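In: need coordinates for the following:
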Amino acid sequence: MEQLNTPEDMAKALAFVDKSYALAKRCMELKQYGCAFRILVKIEATTRLIAKESRRGILSKVNQKPSQHDIDNQDEEKDNTKHRRKVSFSDDVHVGEAQDIDRSVSPVAPPSVEEMLFVRASRDIPTQNYSMYWTLDAST
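Out: Below is the predicted model:
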């Protein structure tokens, strides 16, 4: 599935991720890590597709509305006598002694792909209704 063009496609993708997530967890419990890894790769690809399509839907909604910046500029042109906040700093300064600590970064090996997928599998899968960002004309 390359694109999620309809709310039904989004619902199917979310159901696929949810069911596959449960299956991957079960495979991990049974110590079938190869099977779990293949499932997690598919879950990751589908989750990225869901996020991409969700962002696209959000952007199309945002672009349809007049921006708050434009509204603020119109209001500012109408009322140029708006108050501006003034910031001032105190002349009274207190200085304290700080302890020296070791802030060097200890060497850590970068995580493997398998480790990252298993870590991501242990987090919750978003199940919110993404269809609120979709329009019936999803071909744009």
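In: helix or strand next in line after the lowest-mean-pLDDT helix or strand in the chain, which one?
Out: Sorting the helices and strands of the chain by mean pLDDT, DSSP states H and E puts helix 68-78 at the bottom, at a mean of 61. Proceeding N to C from helix 68-78, the next assigned helix or strand is helix 113-121, under DSSP states H and E.
In: so how far is that next one off the chain centroid?
Out: 17 Å (CA atoms, centre = their mean, to the nearest Å).
In: tell me what it is packed against?
Out: With contacts taken as 3 or more CB pairs under 8 Å, 6 or more residues apart in numbering; DSSP states H and E, helix 113-121 sits against helix 7-29, helix 33-64. Every C-beta, even on glycine, is put in place using the N, C-alpha and C of the backbone.
In: what do you get if the cut-off is 6 Å, keeping everything else the same?
Out: helix 33-64 (3 or more CB pairs under 6 Å, 6 or more residues apart in numbering; DSSP states H and E).
In: show me what counts as buried in the helix it packs on.
Out: 36-37, 39-40, 43-44, 46-47, 49-50, 53-54, 56-57 (16 or more other CB atoms under 10 Å).
In: got a pLDDT number for the residue most central in space within the chain?
Out: Compute the mean C-alpha point of the chain, and by CA atoms, centre = their mean the closest residue is Ala51, 7.3 Å away. Here the pLDDT value assigned to Ala51 is 84.
In: gap between it and Ser112?
Out: 23 Å (CB to CB, to the nearest Å).
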